[in-house]
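Asker: here you go, sequence then predicted model.
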Amino acid sequence: MRARAHYSKGALSPQEDTLQQLQQDDMTSECKFNMEDFFQTVGEVKSLIEKISCQAEEIEKRHGVILSTSNHDKEEKDKLELLNNETKKNANLVRAKLKTMQENSLVEENSERVSVVQRIHKNQHSHLTRCFADVMRGHHNAQISFREKCKAQIQRQLEIVDKVTTDEELEDMLHRDNLSIFISDVNSNARICSQALSEIESRHQDIICLESSIKELHDIFADTAMLLEIQGELINNIEKNVTSAAEYVDASKTETYEAVMYKKDRLKIGFLPNFFKSFRRKSVARNATDQNT
C-alpha cells in the first residue's frame, strides 16, 4: 500500500519548503544589503548638502567684503573663485547621486520588492531633494543679488564720469569683454575719473566671472525642480489612492451599518445592502426545502 503523504493537498513538500525558505533568505539578505548601501548614500548626500550650505554662507560673506572695499584684493577674489568651484563640484555630485537614487527607485517599482522599502526610498529621496533645492535656491539668489549689486556700483561709477547709459546699454556692456568702446568718450576732466574707471573695470570682471557660475547653478536648480515635479506627480497619485481608499472605507461602514439595522429588524428587507439580498433569498429557499422534507 502506497504510503500516505503527511502534508495536505496544496501544501509544499519538504524540499519545496526548504527551497522557498532559501529564496526568502536570499531576498532578505539582498534587501538588507541594498538598504545598507542606500542609507550610506543618504548619509553621504546629507553631508554634502550641509557642506554646500556652509560654503554658500561663506561665499555670501566674501561678496559683502568685496563690495565694501574699493581696493582690488586679488587674493580675496581667488579664494572666492576657488570656493565657488568647490561648491559647484559638490552640487553636481549631489545631483548625480539623487538621479541615481531616483533611477533605482523606479527599478524597484517594477520589481516584487516589499512596498515598505519602496516608501522608505521615495520618502528619503524626496526629503533630500527638497533640502538640496532649498540650499541651491538660496545660493542661486545670493549670486544673482551679488551681480545686481555689482551692476549698481558700475552704474554709479558711470554717473561719476558723466556717462549716461540705459539699463539695456548697461547689460550690453556687461556681456562684452572689452569696455573701451563704452568708456572712450567719458569726460577726462571729471573728478576722480581714474578711480571710477578702475572700479568699473573691477566690477565688470566680477560679473564676467560670475556669469558662468550663475548659469551652472541655474542648470542644477532646473534639474532639481524637475525631480520635485516628478515627485509632486507621485504624491498626487498617492493622495488619489488614499482618497479612494477612504471612500471605500466610508462605503463599507455604510453597508455594515445597514446590515446591523437589518439584523435588528428582519422585516426591513428593502433596506438590505445589495450583496445581502441574494444571500437572504437563498436562505429562505433552503429553509422551505428543509421543512417540506
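Answerer: Yep, it's here. Numbers count the residues shown, from 1 in each chain.

Asker: phi and psi next, for residue 166.
Answerer: phi -80, psi 170 (degrees, to the nearest 10).

Asker: what's the pLDDT at it?
Answerer: Looking at residue 166, its pLDDT stands at 82.

Asker: what's around it, how many residues?
Answerer: Neighbours of residue 166 under the rule other C-beta atoms under 10 Å: 8. C-beta coordinates here come from the backbone N, C-alpha and C atoms, glycine included.

Asker: same thing with residue 116?
Answerer: Other residues close to residue 116 by other C-beta under 10 Å number 8.

Asker: same deal with residue 50?
Answerer: 12.

Asker: now do the same for it: its pLDDT.
Answerer: What the model reports for residue 50 is a pLDDT of 96.

Asker: what about it, distance to residue 222?
Answerer: 23 Å (C-beta to C-beta, to the nearest Å).

Asker: next one: residue 209
Answerer: Note on residue 209: its distance to residue 222, by C-beta to C-beta, is 22 Å.

Asker: so the two - more neighbours on which side?
Answerer: The neighbour count for residue 209 versus residue 222, taken as other C-beta under 10 Å, is higher for residue 209 (13 against 9).

Asker: distance check, the more buried one against residue 98.
Answerer: Here residue 209 is placed at a distance of 28 Å from residue 98 (C-beta to C-beta).

Asker: ditto for residue 162
Answerer: 52 Å.

Asker: and for residue 228?
Answerer: 10 Å.

Asker: more neighbours: these two, which one.
Answerer: residue 98 (20 against 15).

Asker: okay, now the unreliable bits of this structure?
Answerer: Residues of the chain meeting the criterion pLDDT under 70: 1-33, 70-72, 106-115, 178-192, 227, 229-293.

Asker: which stretches in the stretch 51-200 of the chain count as helices?
Answerer: Taking DSSP state H, counting those that start in this stretch, the helices of the stretch 51-200 of the chain run over residues 74-109, 115-160, 167-174, 180-183, 193-264.

Asker: now residue 161, what are its backbone angles?
Answerer: Note on residue 161: its backbone torsions stand at phi -90, psi 20 [degrees, to the nearest 10].

Asker: domain boundaries for this structure, per the record?
Answerer: Listed domain ranges for the chain are 41-147+206-234, 244-288 (source: automatic domain parsing).

Asker: follow-up on the earlier one: which of the helices of the stretch 51-200 of the chain sits closest to residue 37?
Answerer: Evaluated over those, closeness to residue 37 peaks at helix 74-109, with 9.5 Å, by C-beta to C-beta.

Asker: residue 79: neighbour count?
Answerer: Using other C-beta under 10 Å, residue 79 has 14 neighbouring residues.

Asker: I'd guessed it sits against residue 62; true?
Answerer: Yes. Residue 79 is in contact with residue 62 according to C-beta atoms under 8 Å; the separation is 6.9 Å.

Asker: contact partners for residue 77?
Answerer: Residue 77 makes contact with 66, 206, 209 under the criterion C-beta atoms under 8 Å, 6 or more residues apart in numbering.

Asker: and the gap between it and residue 53?
Answerer: According to C-beta to C-beta, residue 77 stands 23 Å off from residue 53.

Asker: and the nearest residue to residue 217 once chain neighbours are set aside, how many neighbours?
Answerer: Nearest residue to residue 217, sequence neighbours excluded (C-beta to C-beta, 6 or more residues apart in numbering): residue 140, at 4.7 Å. Other residues near residue 140 come to 18 when the count uses other C-beta under 10 Å.

Asker: test my guess that residue 140 contacts residue 214.
Answerer: Yes. Contact between residue 140 and residue 214 holds when scored by C-beta under 8 Å: they sit 7.3 Å apart.

Asker: sorry, back to before: which one of the contacts of residue 77 is nearest residue 91?
Answerer: residue 209 (17.4 Å).

Asker: so what's the residue count around the closest residue in space to the closest one that isn't next to it in sequence?
Answerer: In space, and not counting its chain neighbours, residue 209 is closest to residue 81: 6.4 Å by C-beta to C-beta, 6+ apart. Residue 81 has 13 neighbours, counted by other C-beta under 10 Å.

Asker: from now on call the first residue 444
Answerer: Sure, I'll start counting at 444 from here, so that last one is residue 524.

Asker: need the contacts of residue 520 in TSV with distance to residue 531, can you?
Answerer: What follows is these, written out as TSV (distance: C-beta to C-beta, whole Å):
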residue	distance to residue 531
509	19
649	17
652	13
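
Asker: residue 481: which of the residues you listed is nearest?
Answerer: residue 652 (38.5 Å).

Asker: now that closest one: how far from residue 617?
Answerer: Distance from residue 652 to residue 617, by C-beta to C-beta: 12 Å.
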